[in-house]
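**Student:** Structure, please.
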Amino acid sequence: TINRLCGSSMQAILSAAAHIEVGWGECILVGGVESMSRVQRRGFNWSPSPELEVKFPDAYMGMGITAENVAREWQQTRIEHEEFALSSHQKAAIAQSNGLFSDEIVSIQTDDGDISQDGCIRGNTTLESMARLNPAFGDDGIVTAATSSPLTDGAVFMIVCSEEFAATNNLTPIARIVAGSVTGCSPDVMGIGPIEATRKVLERANWDIEDVDLFELNEAFSSQSLAVIEDLGIDYKKVNLHGGALAIGHPLGASGARITGKAASLLKSTDSKRAVATMCIGGGMGIAIALEKV
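**Tutor:** Residues are numbered from 1 along each chain as shown. Alright, predicted model coming up:
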């Protein structure tokens, strides 16, 4: 695995593909792990560098503030955020009840019992309950806990290999990696990172936006998800068919491989031929991967 904050495990996939393409490997295990519930909130005093804080104040800007910045710049409303979050939970709940995550999840045995499904999905949530929440990042804000990805632990691993290795070892490919991209953006609106990353990966794949049958967009916040969808002109019906991080969660190191795996799984189980998975990265980046059916 590789550390690129939110994009870590997607970067691991792209790096593995690049190694295989230049002949530095045939089969590489990639993935990422994040235990958000164990991230230290207090204790060690990692004080900001005074010089860095003066020269680059964005380096210490909280992610929730960047979500508020995107909401203001794109002139979004709170109800738009909540409707998007509600849709994510509803899609994820339906997919979960129909067993559409079962092929992607490995059951974990614990002293308290087996864990075999995601625990953050709230199929019974409502707009009314969301409306009762206070803004999470300032009294004058519109981003709430309901329109932010929840605190989640997670781990994802998968195999990236050459077509020849798969054939020789009787492996059945799920999807083919066509192209990848990493781009930068202003840190104070880091959530728009997928916009340029998606444009770049489409250019490298020689695809138009209309050529893509489905998108897996990591939902760090409703605000940045809506901005990406609007700016790229994506058909909403193609986005996160089984819900996204607002419902499932965003364990940073694992999310990139999760949404890539979901895109690949949907290519296998539906008539879709092309997919793009993309996400924002804290600090001001975007990352994307283009996949096609095999």
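**Student:** What about residue 231, how many residues nearby?
**Tutor:** Other residues within reach of residue 231 by the criterion other Cβ atoms under 10 Å amount to 15. From N, CA and C alone the C-beta is placed, and that goes for glycine too.
**Student:** That one sits in which helix or strand?
**Tutor:** Per DSSP states H and E: residue 231 is located in helix 222-232.
**Student:** any idea of the mean pLDDT for that helix?
**Tutor:** Taken as a whole, helix 222-232 carries a mean pLDDT of 99.
**Student:** Now do the helix or strand following that helix, average pLDDT.
**Tutor:** Using DSSP H and E, the helix or strand that follows helix 222-232 in sequence is helix 245-248. Averaging pLDDT along helix 245-248 gives 98.
**Student:** ok so, going back, identify the residues contacting the helix holding residue 231?
**Tutor:** For helix 222-232, the external contacting residues (Cβ atoms under 8 Å, 6 or more residues apart in numbering) are 66-68, 70-71, 73-74, 76, 80-82, 84-85, 143, 147-148, 190-192, 194-195, 198-199, 209, 217, 219, 234, 236, 239, 244, 246, 278, 280.
**Student:** Just the buried residues of these.
**Tutor:** Among the contacts of helix 222-232, those scoring as buried are 66-68, 70-71, 74, 76, 80-82, 84-85, 143, 147-148, 190-192, 194-195, 198-199, 217, 219, 234, 239, 244, 246, 278, 280 (criterion: 16 or more other Cβ atoms under 10 Å).
**Student:** and these, which of them are in strands?
**Tutor:** Secondary structure defined by DSSP state E assigns 217, 278, 280 of those to strands.
**Student:** So for the last one, what's the pLDDT?
**Tutor:** Each residue has a pLDDT score; the one for residue 280 is 98.
**Student:** Tell me how many other residues crowd the nearest residue to it once chain neighbours are set aside.
**Tutor:** Sequence neighbours aside, residue 193 is the residue nearest to residue 280 in space, at 3.9 Å (criterion: Cβ to Cβ, 6 or more residues apart in numbering). Around residue 193 there are 32 other residues, counting by other Cβ under 10 Å.
**Student:** How much space separates residue 193 from residue 56?
**Tutor:** For residue 193, the distance to residue 56 equals 17 Å [Cβ to Cβ, to the nearest Å].
**Student:** and if you look at residue 206?
**Tutor:** Taken as Cβ to Cβ, the span from residue 206 to residue 56 is 37 Å.
**Student:** Residue 290 now?
**Tutor:** 32 Å.
**Student:** do residue 18 as well
**Tutor:** For residue 18, the distance to residue 56 - Cβ to Cβ - is 30 Å.
**Student:** re the thing from before, specify which residue of residue 290 and residue 56 has the higher count of neighbours.
**Tutor:** Between residue 290 and residue 56, residue 290 has the larger neighbour count (other Cβ under 10 Å), namely 26 against 12.
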